[in-house]
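*Asks:* Curious how this folds, go ahead:
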Amino acid sequence: MSAHTFPVVLSRRWSAFLVAVGVWTWLIWPRFGVAIWKDERSFDGGAPTSFLWVHALLIVASLAIGSTVGVLGVRGWRAAGRRTSMTEDSMAVRGGSPKN
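*Replies:* Have a look, this model is predicted:
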């Protein structure tokens with residue numbers, strides 16, 4: 001870690017938002033893919049058209065980005081839980097409560 005780099009800290013609320021975005025991506029884009037596949041512009045004489053390829057690329061890129069965002073959300077959620085647990089442990093050792 002360089003002298004000017006600080007760890008990123010996500011709250012549980014932002015982590016949950018990122019997980020929701022990842023789930024939303026996986027709910028929406030596959031359905032869109034089915035619609036594109038069934039579209040009459042997707043094939044010309046049985047061969048895939050540019051319309052299909054462009055949309056397939058968009059779908060794959062969106063699923064990759066959504067998956068990455070979801071994974072970051074899960075990692076943030078877990079890290080926030082560890083921070084909370086470490087804070088509670090340190091407060092217990094010092095004889096205080098986390099609410100003080």
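
*Asks:* need the strands for this protein, in chain order.
*Replies:* With DSSP state E, the ranges of strands along the chain come out as 43-44, 47-48.

*Asks:* any chance of those in TSV, with mean pLDDT, distance to Leu18 and mean neighbour count too?
*Replies:* The C-beta positions use only the backbone N, C-alpha and C, and glycine is treated the same way. Below are the strands of the chain laid out as TSV (pLDDT from 0 to 100; distance: least, Cβ to Cβ, whole Å; neighbours: other Cβ atoms under 10 Å):
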stretch	mean pLDDT	distance to Leu18	mean neighbour count
strand 43-44	98	36	13
strand 47-48	98	33	10
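
*Asks:* nearest to Pro7, of these?
*Replies:* strand 47-48 (45.0 Å; Cβ to Cβ).

*Asks:* So which residues make contact with that closest one?
*Replies:* Applying Cβ atoms under 8 Å, 6 or more residues apart in numbering, the contact partners of strand 47-48 are Ser42.

*Asks:* Helices along this structure, start to end?
*Replies:* For the chain, helices defined by DSSP state H occupy the ranges 12-38, 50-94.

*Asks:* Which of the ones you listed sits closest to Phe6?
*Replies:* helix 50-94 (14.1 Å).

*Asks:* what's the angle from that closest one to helix 12-38?
*Replies:* 160 degrees (axes from the mean of the first three to the mean of the last three Cα atoms, to 10 degrees).

*Asks:* In terms of secondary structure, what does helix 50-94 contact?
*Replies:* helix 12-38 (3 or more Cβ pairs under 8 Å, 6 or more residues apart in numbering; DSSP states H and E).

*Asks:* From the chain's centroid, how far away is the helix it packs on?
*Replies:* Between the centre of helix 12-38 and the centre of its chain there are 9 Å (Cα atoms, centre = their mean, to the nearest Å).

*Asks:* same question, stretch 10-19
*Replies:* Per Cα atoms, centre = their mean, the centroid offset for stretch 10-19 relative to its chain is 10 Å.

*Asks:* Pull out the buried residues from that stretch.
*Replies:* Residues of stretch 10-19 classed as buried by neighbour count (16 or more other Cβ atoms under 10 Å): Leu10, Ser15, Ala16, Leu18, Val19.

*Asks:* Alright, that wraps it up for me.
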